[in-house]
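Engineer: curious how this folds, go ahead:
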Amino acid sequence: MRINPIIAERIMKAILFLACSVTIFFLLFIIGFVLKNGISAVTPSFLFGKVSDMGRAGGIFPAIVSTVYITILAIVIAAPLGVGSAIYLTEYAKAHKAARVIRFGVECLAGVPSIIFGLFGFVFFVITLHLGWSLLSGGLTLAAMILPTIIRTAEEAVKSVPPSYREVSFSLGGSRWQTVTRAVLPSALPGILTGVILSIGRSVGETAAVIFTAGSSVRMPLSLFDSGRTMAVHFYILAREGLSMKNAYGTATILILSILLINIAAYGLMHRYISGRR
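Structural biologist: Residues are numbered from 1 along each chain as shown. Modelled structure (predicted):
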């Protein structure tokens, strides 16, 4: 029995709409649940106060500073390496055996649990390199963890650039590097930024890889060699040990709002950049 193509299309459209609606529902439900329980704890003293009594009282300002330091350090290290690797794989080693080996390694790294990255960072950065529990160890570990995401998204963004862009550049006498920097990268920038934004969100919310490397000190970090507690680790410790569920929900609220603001600001800048190029 053959189904009418119009009916089949309507059925599939309804299924896809249902799937999208369920996803949005769970997203809004989680955000609403956290905000309902935590928004009352978000006050100026909570945002800018120091942690006291192991988190039962006080604020989360040291955790905010530690999170910002670690996230910036991870992105500064991983973004150039990831974009550079993607350019090499797509523009310089398209059919080379090394490219297949690198892609296989990147895909394997993308599937490694974050706890494994945490153990690697603890053994290599904290113990072997004698960096100790520090923001530097945490940032380096996060950089290794988000590197596969940036490589894969940047590679797909570069691949999506039409071949005609490259052909026009070559026909005008441009070198491979000039073609990449002046024709390919500007067109692939929105896709690359998407990967960086996803990596920022993962870095901000990461717990397992950070608690083994950056530690969980509640003091204000004065340098990259000091130990620090990120907001995700602070929330985890408060919730796990039942120290203060009110402060735990307040920390979770700040985490969610931070990630939302980062995504909104980044996508706004990206669309502004795209509109400016048209």
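Engineer: doesn't residue 141 make contact with residue 77?
Structural biologist: No. Using Cβ atoms under 8 Å, residue 77 is not in contact with residue 141; the gap is 10.4 Å. In this view, the C-beta of every residue, glycine as well, is placed from N, C-alpha and C.
Engineer: any weak-confidence spans in the chain?
Structural biologist: Flagging of the chain using pLDDT under 70 yields the residue ranges 1, 95, 269-270, 272-278.
Engineer: all helices for it, in order.
Structural biologist: For the chain, the helices defined by DSSP state H cover 5-38, 44-48, 61-87, 97-110, 114-121, 135-159, 163-171, 176-179, 185-205, 208-211, 231-241, 245-277.
Engineer: looking at those, spot the one closest to residue 55.
Structural biologist: helix 231-241 (4.9 Å; Cβ to Cβ).
Engineer: got CSV for the helices of the chain, with mean neighbour count too?
Structural biologist: Listed next are the helices of the chain as CSV, based on neighbours: other Cβ atoms under 10 Å:
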stretch, mean neighbour count
helix 5-38, 11
helix 44-48, 12
helix 61-87, 21
helix 97-110, 13
helix 114-121, 18
helix 135-159, 24
helix 163-171, 13
helix 176-179, 14
helix 185-205, 20
helix 208-211, 25
helix 231-241, 20
helix 245-277, 16
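Engineer: residue 225 is nearest to which of those?
Structural biologist: helix 135-159 (6.0 Å).
Engineer: name the helices or strands packed onto the closest one?
Structural biologist: With contacts taken as 3 or more Cβ pairs under 8 Å, 6 or more residues apart in numbering; DSSP states H and E, helix 135-159 sits against helix 61-87, helix 97-110, helix 114-121, helix 185-205, helix 208-211.
Engineer: ok, back up a step: between the helices of the chain, which one is nearest to residue 223?
Structural biologist: Proximity to residue 223 (Cβ to Cβ) singles out helix 135-159 among those, at 7.9 Å.
Engineer: quick check on residue 132: phi, psi?
Structural biologist: phi 70, psi -180 (degrees, to the nearest 10).
Engineer: now the helices and strands packed on helix 135-159 in JSON lines, with distance to residue 261?
Structural biologist: Formatted as JSON lines, the helices and strands packed on helix 135-159 follow (distance: least, Cβ to Cβ, whole Å):
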{"stretch": "helix 61-87", "distance to residue 261": "13"}
{"stretch": "helix 97-110", "distance to residue 261": "26"}
{"stretch": "helix 114-121", "distance to residue 261": "23"}
{"stretch": "helix 185-205", "distance to residue 261": "11"}
{"stretch": "helix 208-211", "distance to residue 261": "21"}
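Engineer: looking at those, which is closest to residue 4?
Structural biologist: Nearest to residue 4, of these and by Cβ to Cβ, is helix 185-205 at 37.8 Å.
Engineer: and the angle for the closest one with helix 114-121?
Structural biologist: 90 degrees (axes from the mean of the first three to the mean of the last three Cα atoms, to 10 degrees).
Engineer: which strands or helices does helix 185-205 pack on?
Structural biologist: helix 61-87, helix 135-159, helix 231-241, helix 245-277.
Engineer: so which of the helices and strands packed on helix 135-159 comes closest to residue 262?
Structural biologist: Nearest to residue 262, of the helices and strands packed on helix 135-159 and by Cβ to Cβ, is helix 185-205 at 5.7 Å.
Engineer: quick one: residues in contact with that closest one.
Structural biologist: By Cβ atoms under 8 Å, 6 or more residues apart in numbering, the residues outside helix 185-205 that reach it are 67, 70-71, 74-75, 78-79, 82-83, 86-87, 142, 145-146, 149-150, 152-154, 156-158, 160-161, 165, 230-232, 255, 258-259, 262-263, 266-267, 269-270, 273-274, 277.
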